[in-house]
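Peer 1: Mind looking at a prediction? Sequence and model below.
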Amino acid sequence: MEKIIIAFYLITFALGGFAQQQIENGDFEAWENQGTAEEEPVDWSSLKTADALASTAPSVLSPDTGRNGGTCARLEVKEVPLVGIKANGLLTNGRVHADFNPENGYVFTDPNDPQWHTAFTSRPDSIIGWYKYEPQNGDKGKIEVVLHVSQGSLPFNGTENNMIGRAKFEFTTQQTSWTRFSKEFNYYDPQAPEYILTTIASGDSTISETGSTLWIDDISLVYNTSNIDENNTELTSINASSGELRFFNSNGLSDQNYTVTNIAGQLIQQGECKENVLFTQPSGLYLITITDGLNQFTKKVYVH
């Protein structure tokens, strides 16, 4: 997996941070080692560049025609010759650890080698992209993104405590035309991540079915920052922890109402603002809107 740096984005960040970090080569237009067994999208890797068994692994990845006439990534579950196991159609921006026992395989971030990790310090709200899918015998694929510090792997293999945020979307039904997907991130720690680890698979882990094929294209991260006031000091302040929301306003809380939605925009809870409000939802990032007469503002709140 070759790592590239686009100077334009580095300059943009340095001049004012107007751009948000994105998944590298998420449109799968740039490829390396073309025409060889190790042909892969730039900044991505698969079984043929795994840390073990790469020479015996089938090629489960290939370029194909994308949704707008460019290039997409095509992943297919294949049989491993003479071994009798199935190799999942797999793509990652980390590295693949392969094993003859599929239950021992995983993808991972190697913090010590820039070829096998992607530095990342932002906190996106969701991931979106486009796909086509032909599952076999009830198989299902997935895209899973983990933001983490230090070591990271999928499956976790003891790295769960390093996870900052996670988004996972499963492909479960046949889609013969390009279909959009979207999945919000759930956050488990308020600190900034250090790395982003993405894995895309055409089959269901260790029980994947031969022939299950996934086409994926134009994946990107979404940052919902419009109409969100993170520093409003005139209206009610909001905090959350230990199963409750806490509202405070030096002028009192009378005639103030709140609504809580998740990152996907679904209404979770609403009511009158009080100093302490019971909130039993899972840990993660929520949007809380306060209405006070003619005034209204929305704030992102991380619930522990």
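Peer 2: The structure has been received and is ready for your questions. Numbering: from 1, shown residues only.
Peer 1: what residue ranges in the stretch 1-150 of the chain are flagged as low confidence?
Peer 2: 2-19 (pLDDT under 70).
Peer 1: again, 50 this time
Peer 2: For the stretch 1-150 of the chain, the stretches flagged by pLDDT under 50 are 4-19.
Peer 1: Strands along that one, start to end?
Peer 2: For the stretch 1-150 of the chain, applying DSSP state E, counting those that start in this stretch gives strands covering 31-32, 40-41, 61-65, 71-76, 78-79, 86-87, 90-92, 95-97, 106-109, 126-134, 141-148.
Peer 1: Just tell me which of the ones you listed ends up closest to Tyr286.
Peer 2: Tyr286 lies closest, by Cβ to Cβ, to one member of the strands of the stretch 1-150 of the chain: strand 126-134, at 13.7 Å. C-beta: built from backbone N, CA, C; applies to glycine.
Peer 1: closest to Val301 out of the strands of the stretch 1-150 of the chain?
Peer 2: Closest approach to Val301 among those (Cβ to Cβ): strand 126-134, 17.0 Å.
Peer 1: Output the closest one in PDB with nothing but the alpha carbons.
Peer 2: Backbone C-alpha positions of strand 126-134 (Å, rounded to 0.1, in the frame of the first residue of the first chain) are rendered in PDB as follows:
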ATOM      1  CA  SER A 126     -21.100  10.000   9.800                       C
ATOM      2  CA  ILE A 127     -19.700   8.000   6.800                       C
ATOM      3  CA  ILE A 128     -21.500   7.900   3.400                       C
ATOM      4  CA  GLY A 129     -20.800   6.100   0.100                       C
ATOM      5  CA  TRP A 130     -22.300   4.100  -2.700                       C
ATOM      6  CA  TYR A 131     -22.400   0.300  -3.300                       C
ATOM      7  CA  LYS A 132     -23.800  -2.600  -5.300                       C
ATOM      8  CA  TYR A 133     -24.000  -6.100  -3.800                       C
ATOM      9  CA  GLU A 134     -24.600  -9.700  -4.800                       C
END
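Peer 1: Bridged to Gly141, which residues?
Peer 2: Counting by DSSP bridges, Gly141 forms beta bridges with Phe171.
Peer 1: how near is the most centrally placed residue in the chain to Ser126?
Peer 2: If you average the C-alpha coordinates of the chain and look for the closest C-alpha using Cα atoms, centre = their mean, you land on Val145, 2.9 Å from that point. The span separating Val145 from Ser126 equals 10 Å under the rule Cβ to Cβ, to the nearest Å.
Peer 1: overlap in contacts of those two?
Peer 2: Counting by Cβ atoms under 8 Å, 6 or more residues apart in numbering, the residues touching both Val145 and Ser126 are 167, 185.
Peer 1: quick revisit: compare the strands of the stretch 1-150 of the chain and give me the one nearest Gln175.
Peer 2: Of all the strands of the stretch 1-150 of the chain, strand 126-134 sits nearest to Gln175, with 4.8 Å by Cβ to Cβ.
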